[in-house]
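# Quick one, what's the 3D model for this:
(chains A and B)
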Amino acid sequence: MSVRVRFAPSPTGALHIGGVRTALFNYLFARGRGGVFILRIEDTDQNRYVPGAEDYIVEALQWFGLQPDEGVTNGGPYGPYRQSDRKALYPEYARQLVRNGKAYYAFDTPDELEARRQAEENFTYNYLTRNGLVNSLTLPAAEVEARLAAGEHFVVRLLVEPGREIVIQDLIRGEVRFQSNELDDKVLLKADGMPTYHLANVVDDRLMKITHVIRGEEWLPSTAHHALLYEGFGWQDAMPEFAHLPLILKPVGNGKLSKRDGAKFGIPVFPLSWKGEGPEDSFAGVRETGFLPEAALNFLALLGWRPETEQEMFTLKEMIELFSLDQISKSGARFDYEKAKWFNQQYIKNVPNATLAPLVRPYIAQQGYTPDDQTLENIIGLMKERVTFLPDFATEAYYLFEPVKHYDAETLQKKWKPELQPAFEALMEYLQHAQADNAAALEADVKHFMQEQGFKPGDLLPLLRIAMAGTMKGPAVFDMAILLGKAETYQRLQKALAHFVQFQTDLK
RNA sequence: GGCCCGUUCGUCUAGGGGUUAGGACGCAUCCCUUUCACGGAUGAAACACGGGUUCGAUUCCCGUACGGGCUACCA
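Next comes the predicted model:
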């Protein structure tokens, strides 16, 4: 049977980075097994529905290159893929369960149940309490009919038989056992006619012929209920395999990574930026921070998964080839932002300049710079080993785009001596007439010239740098000279020299 | 509280009855470079604890501790 997996997020807001990893693992598994990757939207909670969230999910997956084969955007033979569009389906299945004695109608109102919970420490709707509650197990058949006919609100609950052991085979955790006595009679169909996650999930996985359920560990406890549902429907022989992924934990402190951690630690925990109602509900995105999607994916993949190699960098293609569920670890993984940054820096360094250029240009333009393509690529070439994020290209080296605005006084104080002026001027002249057309040749020529003239490189090179960049950080001076060209270089040196002299005067 | 899952350097992890317990990020030192980075080298740094089983446990079993998840007419 061919593999079919699904990523089934709820459109309740921005998609969490953990969701992206779940999607990634599903995607890798499907691709590696020649299977199908499905995007299903689980919008059965009308109260938590957030407009725009579905588009956000789709856009995020697209940005990462995790295109679904079937799903809300491109359809497929098992649609619709949005549970609200499948609404009519679920009551039928709930009724089937009731008919077969696997579920029952319950008329208790949320308020009544809440009161019970308040009154009793550990109140649970289960085999011990259901006989004392208002449901089709305790009411005469005629009254049940009457209540249903009258349109009274009801829910359908799963009837969990006590005294049974439910054994789940988890692909990551092995055998997991549950005692049915511990399980509550979960609501399957809500009073508003919508299914709960449990019902919708099982029914849709069945209808969409899902073979493997790869989801977060938070679902492990309710998997026992899901197994009972498959059994109740008589589908136990074709139950999908389960794989429960370890959770992503906060960078520091206790608990799983939450949306608030983004602001708290100043790190993006959402793939794309999100504008909610207010600042509390608005988040920075991985994309907007300036991550390359491939780098973020690489980082995410290694949060809980490790192929049997010591390699760290993987293309999507390589990940697909190497991916295997049994190499996923069981314990939660802390979100290590330093490592995420390292991946991004590595990726930027390795991506061709021409590929980077269109990604970098918007940030450059934001600063008001409009270099031509070739110049931009050259600048990228000089800076790519010195940046971590895409916007750094625009902010870390302004002097590659416009004349120097500020000369680092501290360095000047250390390096500038009036007696160096003649040498500096000689070098300036030499540079203006230099024949070399590449940095290496220019460097060789200049060094030769300095040696000939008896100048000390240690005296002049730092000054050259300050003159061209204003700061001690940045690309090699000869690289900059080639990039800037003879005329611009000469102008900068001239202007700098004037500043140096003035600086000396001011010191006195 | 109950149920379920987990626990190897600070972090992500490899490993597995006898290993100098390996790699990566981060950190430190050095080299390269008369800048900053990149790169290279070196170093500090871990098997939660207590019982078993065993000639021998970090590895297997049981407890404890700690961490995580679930415990809604949310997913």
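
# Give me the pLDDT value at A:Trp63.
Model confidence at A:Trp63, given as pLDDT, is 98.

# tally of neighbours for it?
17 (other Cβ atoms under 10 Å). Just so you know, the C-beta spots here come from the backbone N, C-alpha and C atoms, and that holds for glycine as well.

# thought it was touching A:Pro293?
Yes - with contact defined as Cβ atoms under 8 Å, A:Trp63 counts as touching A:Pro293 (5.5 Å).

# so what sits against both of those two?
A:Arg287 (Cβ atoms under 8 Å, 6 or more residues apart in numbering).

# ok, the residue in the stretch 301-450 of chain A positioned nearest to RNA strand B to A:Leu303 distance?
Closest approach of the stretch 301-450 of chain A to RNA strand B (Cβ to the nearest atom of the strand) occurs at A:Ser331, with a separation of 2.8 Å. Separation of A:Ser331 from A:Leu303 (Cβ to Cβ, to the nearest Å): 11 Å.

# Settle it for me: which of these two has more neighbours?
More crowded of A:Ser331 and A:Leu303, by other Cβ under 10 Å: A:Leu303, with 25 against 9.

# my guess is that one contacts A:Ala333, does it?
Yes - with contact defined as Cβ under 8 Å, A:Leu303 counts as touching A:Ala333 (4.3 Å).

# sec struct for the residue of the stretch 301-450 of chain A closest to RNA strand B, please.
Put simply, A:Ser331 is coil when judged by DSSP: H, G, I helix; E, B strand; the rest coil.

# what does A:Ile168 give?
A:Ile168 ends up strand, using three-state DSSP.

# hang on, isn't it packed against A:Glu175?
Yes - applying Cβ under 8 Å, one finds A:Ile168 in contact with A:Glu175, separated by 7.3 Å.

# measure A:Val50 to A:Asp281 for me?
Distance from A:Val50 to A:Asp281, by Cβ to Cβ: 9 Å.

# which neighbours do those two share?
By Cβ under 8 Å, 6+ apart, the residues touching both A:Val50 and A:Asp281 are A:Gly13.

# These two: which is more packed in?
Counted by other Cβ under 10 Å, A:Val50 and A:Asp281 do not tie: A:Val50 has more neighbours, with 17 against 13.

# what about the longest helix in chain A?
helix A:477-507 (DSSP state H).

# Follow the chain on from the one helix or strand A:Lys349 maps to and name the next helix or strand.
Following DSSP states H and E, one finds A:Lys349 within helix A:337-350. Sequence-wise, the next helix or strand downstream of helix A:337-350 (DSSP H and E) is helix A:353-366.

# Show me what that next one packs onto, helices and strands only.
Counting contacts by 3 or more Cβ pairs under 8 Å, 6 or more residues apart in numbering; DSSP states H and E, helix A:353-366 is packed against helix A:373-383, helix A:392-395.

# Buried residues, the last one. List them.
Meaning helix A:392-395. Buried residues in helix A:392-395, counted by 16 or more other Cβ atoms under 10 Å: A:Asp392, A:Phe393, A:Ala394.

# The residue nearest to A:Met472 when sequence neighbours are not counted: neighbour count?
In this structure, A:Met472 finds its nearest non-sequential neighbour in A:Thr411, 5.3 Å apart by Cβ to Cβ, 6 or more residues apart in numbering. Around A:Thr411 there are 16 other residues, counting by other Cβ under 10 Å.

# do A:Gly32 as well
There are 16 residues near A:Gly32, going by other Cβ under 10 Å.

# Same question for A:Lys456.
Neighbours of A:Lys456 (other Cβ under 10 Å): 11.

# Who has more neighbours out of A:Ile168 and A:Glu175?
A:Ile168 (19 against 8).

# Tell me which residues touch that one, please.
With contact set as Cβ under 8 Å, 6+ apart, A:Ile168 has these partners: A:Glu175, A:Val176, A:Arg177, A:Phe178, A:Thr223, A:Ala224, A:Ala227, A:Phe242.

# contacts for stretch A:476-489?
Outside stretch A:476-489, the residues touching it (Cβ under 8 Å, 6+ apart) are A:375, A:378-379, A:382, A:400, A:431-432, A:434, A:437-440, A:442-443, A:446, A:461, A:464-465, A:468-469, A:474-475, A:492.

# In helices, which of these fall?
Of those, the ones assigned to helices by DSSP H are A:375, A:378-379, A:382, A:431-432, A:439-440, A:442-443, A:446, A:461, A:464-465, A:468-469, A:492.

# Of the residues you listed, which ones also sit close to RNA strand B?
Contacts with RNA strand B within those, counted by Cβ under 7 Å from any atom of the strand: A:Glu443, A:Leu461, A:Arg465.

# which bits of the stretch 401-508 of chain A sit near RNA strand B?
So far as Cβ under 7 Å from any atom of the strand goes, the stretch 401-508 of chain A lies against RNA strand B at A:443, A:456-459, A:461-462, A:465, A:472-477.

# Compare these and tell me which has the most neighbours.
A:Val477 leads those on contacts (other Cβ under 10 Å) with 23 neighbours.

# Quick check, pLDDT for that one.
96.

# Please see if stretch A:197-209 touches RNA strand B.
Yes - counting by Cβ under 7 Å from any atom of the strand, contacts between stretch A:197-209 and RNA strand B involve A:Tyr197.

# quick one on the thing from earlier: tell me which residues of the helix holding A:Lys349 are tucked away?
Within helix A:337-350, the residues scored as buried using 16+ other Cβ under 10 Å are A:Ala340, A:Lys341, A:Phe343, A:Asn344, A:Gln345, A:Gln346, A:Tyr347, A:Ile348.

# Excluding covalently adjacent residues, which one is nearest to the fourth one?
The one in question is A:Asn344. In space, A:Asn344 is closest to A:Ala295, 4.3 Å off (Cβ to Cβ, 6+ apart).
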